[in-house]
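this one's sequence-less:
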């Protein structure tokens, strides 16, 4: 079964810190995604990547950047964390084409910025 | 802004009940439709895709009405384990993986 692993389940950071959220998938998927999920707002796409070194902005990229140096790893970077970035962050992956209809999610990282 | 709308609930139903959720989408060119299930404090998982002809998986039936731009999920003989939030997901025209739009979810609580 596909496994999407996020490096931390809970993370507490201070305002202004640089934060790295790591995500690794083990099924050779081309596509990887970063979402954040907030009560009342649902899942919102931050960035996605459809290939190594490729990235596309999602709906809310401001304050975030991403890195995809290897196919299996997709990192989300908060250059200078702010309190409004306190959220649940979910990484997901999928393959390309018809088989790519299914998103596989990691178990999430609950980030608190103080 | 392209939208996917769901009734947030909660739907509180007794075990054994039949419950139905609807979801409306704003973009008539939307191509693919899905229901995901999310348990409390867990990640979303695909429950089922929704096909034009409708599809059934055990106690779950999904239907698509393109004319009225809504999809539905019917759960028969509800179990306690069906308690979760059900997310409606729509892929917009173009098929890019980045064009998945998530509804905010409908919460279901099945009581003994």
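In hand now; what should we look at? Given the structure is predicted, the values throughout are model-derived calculations rather than measurements.

show me where pLDDT drops low in chain B?
B:1-2, B:93-98 (pLDDT under 70).

again, but for chain A
A:1-2, A:97-100.

Enumerate the residues of it near chain B.
Counting by C-beta under 8 Å from any C-beta of the partner chain, the residues of chain A close to chain B are A:31, A:33, A:40-45, A:48, A:50, A:56, A:58, A:90, A:94, A:96, A:100-103, A:105-108. Every residue, glycine included, has its C-beta placed from N, CA and C.

what bridges to the nearest residue to residue A:8 once chain neighbours are set aside?
Spatially, and ignoring its direct neighbours in sequence, residue A:8 is nearest to residue A:109 (5.1 Å; C-beta to C-beta, 6 or more residues apart in numbering or on different chains). Per DSSP bridges, residues listed as beta-bridge partners of residue A:109: residue A:89.

mind checking how far residue A:109 is from chain B?
Here residue A:109 is placed at a distance of 11 Å from chain B (C-beta to the nearest C-beta, to the nearest Å).

Tell me, how many residues neighbour that residue?
Number of residues near residue A:109 (other C-beta atoms under 10 Å in any protein chain shown) recorded here: 22.

Report the contact partners of it.
A:6-11, A:21, A:88-89 (C-beta atoms under 8 Å, 6 or more residues apart in numbering or on different chains).

Name the nearest of those relative to residue B:20.
When the contacts of residue A:109 are ranked by distance to residue B:20 (C-beta to C-beta), residue A:88 comes first, at 28.1 Å.

Now intersect the residues of chain A next to chain B with the strands, please.
Per DSSP state E, strands hold the following members of the residues of chain A next to chain B: A:31, A:33, A:42-45, A:48, A:56, A:90, A:94, A:105.

Using PyMOL, define a selection of the buried residues within those residues.
In PyMOL, this line selects whichever of these come out buried by 16 or more other C-beta atoms under 10 Å in any protein chain shown:
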select buried, chain A and resi 31+33+42+43+44+45+48+90+94+105
